[in-house]
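Asks: Structure here, sequence nowhere to be found:
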């Protein structure tokens, strides 16, 4: 029979063996599995973020980490997740076309340099809104369902209320703070927690989930007014173009000076699935490093926990 000293010794040996095993798994795993390669760069016990608000959930919606997750903040172009849902709820017809009118569809920056009278397939505008986060194209889509924008915005807020997103408010369809409402500038706002719920709801629509999973998109104008008929753009999430130790299932980005960099992403790997929300990152030039680091942190935390069992 073991005495107390023997029990302590056995426990010490057991823990030492477990730590050695975990270390070996991590070191060897960098060679066997790419997920393990980040082990030496991530402290799985410490969570930090420069973003204003962060929320990380696993596949069961359990919270792995958070920072100011219930603080109300501007969400910039993450707005388009709600815009897309309301468009589909109101019968957006992908087989139709839409004609650009700069007075009706004005938005800050004409990234595709489209001209008055040019005609586009609604389907192509859809991918422009979600993959390229294009604002003119978003307003053209709203026009395509024949609903005045003020009424459409009311529908966005009604849907937010139905979904229980009590802190999520919309004043425009694009997320741009430059949009004016009664002569004043308003920000579309939410919290990291409610943004996660908004994203999850949006991914229930196959047309949204499919678009947000594409790394790039190419299309041609139906009617062009210049020689630039073909358009090509990458997903605004540049991580979609990188080799990563996880797969990005879907993601959406946003940015305004007031909102900072905003990011929502769903990832999957051998370790599990993660939903990552980052709002209010002040470093625009390095805006992809933070969600990438958060995804790696979540991944490594799961691997270490699994190895420690």
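Replies: Perfect, thanks for sending it. These figures come from a predicted structure and were not determined experimentally. Numbering: from 1, shown residues only.
Asks: burial of the residue nearest to residue 215 when sequence neighbours are not counted, as a residue count?
Replies: The shortest distance from residue 215 to any non-neighbouring residue, by CB to CB, 6 or more residues apart in numbering, is to residue 240 (4.2 Å). Every C-beta, even on glycine, is put in place using the N, C-alpha and C of the backbone. Neighbourhood size, residue 240 [other CB atoms under 10 Å]: 20.
Asks: Which pLDDT value does the model give the nearest residue to residue 90 once chain neighbours are set aside?
Replies: Spatially, and ignoring its direct neighbours in sequence, residue 90 is nearest to residue 145 (4.9 Å; CB to CB, 6+ apart). pLDDT recorded at residue 145 is 98.
Asks: what sits against residue 145?
Replies: Residue 145 sits next to 87, 90-92, 152 when contact means CB atoms under 8 Å, 6 or more residues apart in numbering.
Asks: Looking at those, point me to the pair that's furthest apart.
Replies: 91 and 152 (12.5 Å; CB to CB).
Asks: In contact with the nearest residue to residue 175 once chain neighbours are set aside, which residues?
Replies: Spatially, and ignoring its direct neighbours in sequence, residue 175 is nearest to residue 79 (3.4 Å; CB to CB, 6+ apart). By CB under 8 Å, 6+ apart, the residues touching residue 79 are 170, 172-175, 188, 254.
Asks: what do you get for residue 95?
Replies: Per CB under 8 Å, 6+ apart, neighbours of residue 95: 122-123.
Asks: 8 is where my numbering starts, stick with that
Replies: All right, first residue 8 from here; so that's residue 102.
Asks: Can you classify it as helix, strand or coil?
Replies: Classification of residue 102 by DSSP: H, G, I helix; E, B strand; the rest coil places it in coil.
Asks: Tell me the spacing between it and residue 93.
Replies: Using CB to CB, to the nearest Å, residue 102 is found at 19 Å from residue 93.
Asks: Can you tell me the closest non-neighbouring residue to residue 132?
Replies: residue 144 (4.5 Å).
Asks: Okay, and that neighbour sits in which element?
Replies: Using DSSP states H and E, residue 144 falls within helix 142-151.
Asks: With residue 280 instead?
Replies: strand 279-288.
Asks: Can you list the strands that that strand pairs with?
Replies: strand 60-65 (antiparallel), strand 267-276 (antiparallel) (DSSP bridges).
Asks: Can you pull up the most central residue in the chain?
Replies: residue 271 (2.3 Å; CA atoms, centre = their mean).
Asks: so that one sits right up against residue 207, yeah?
Replies: No: counting by CB atoms under 8 Å, residue 271 sits too far from residue 207 to count as a contact (9.6 Å).
Asks: I'd like the distance between the residue nearest to residue 97 and residue 250.
Replies: Distance from residue 152 to residue 250, counting by CB to CB: 39 Å.
Asks: same question, residue 87
Replies: Counting by CB to CB - residue 87 and residue 250 are separated by 27 Å.
Asks: Of the two, which one has the most company?
Replies: Comparing residue 87 with residue 250 by other CB under 10 Å, the one with more neighbours is residue 87, at 28 against 5.
Asks: Which residue, other than its chain neighbours, is closest to that one?
Replies: Residue 87's closest residue in space is residue 136 (CB to CB, 6+ apart), at 5.7 Å.
Asks: With residue 226 instead?
Replies: In space, residue 226 is closest to residue 131, 4.0 Å off (CB to CB, 6+ apart).
Asks: tilt between the helix or strand containing that neighbour and helix 142-151?
Replies: For residue 131, the enclosing helix or strand under DSSP H and E is helix 129-137. Per axes from the mean of the first three to the mean of the last three CA atoms, to 10 degrees, the angle that helix 129-137 makes with helix 142-151 is 130 degrees.
Asks: Now do helix 129-137, average pLDDT.
Replies: 97.
Asks: what about residue 259, which helix or strand?
Replies: Here residue 259 is assigned to strand 254-263, by DSSP H and E.
Asks: which residues are contacting that strand?
Replies: By CB under 8 Å, 6+ apart, strand 254-263 touches 81-88, 137, 140, 182-184, 194, 206, 210, 216, 219-220, 242-244, 246-247, 268-276, 280, 291, 294.
Asks: Good, we can wrap up now.
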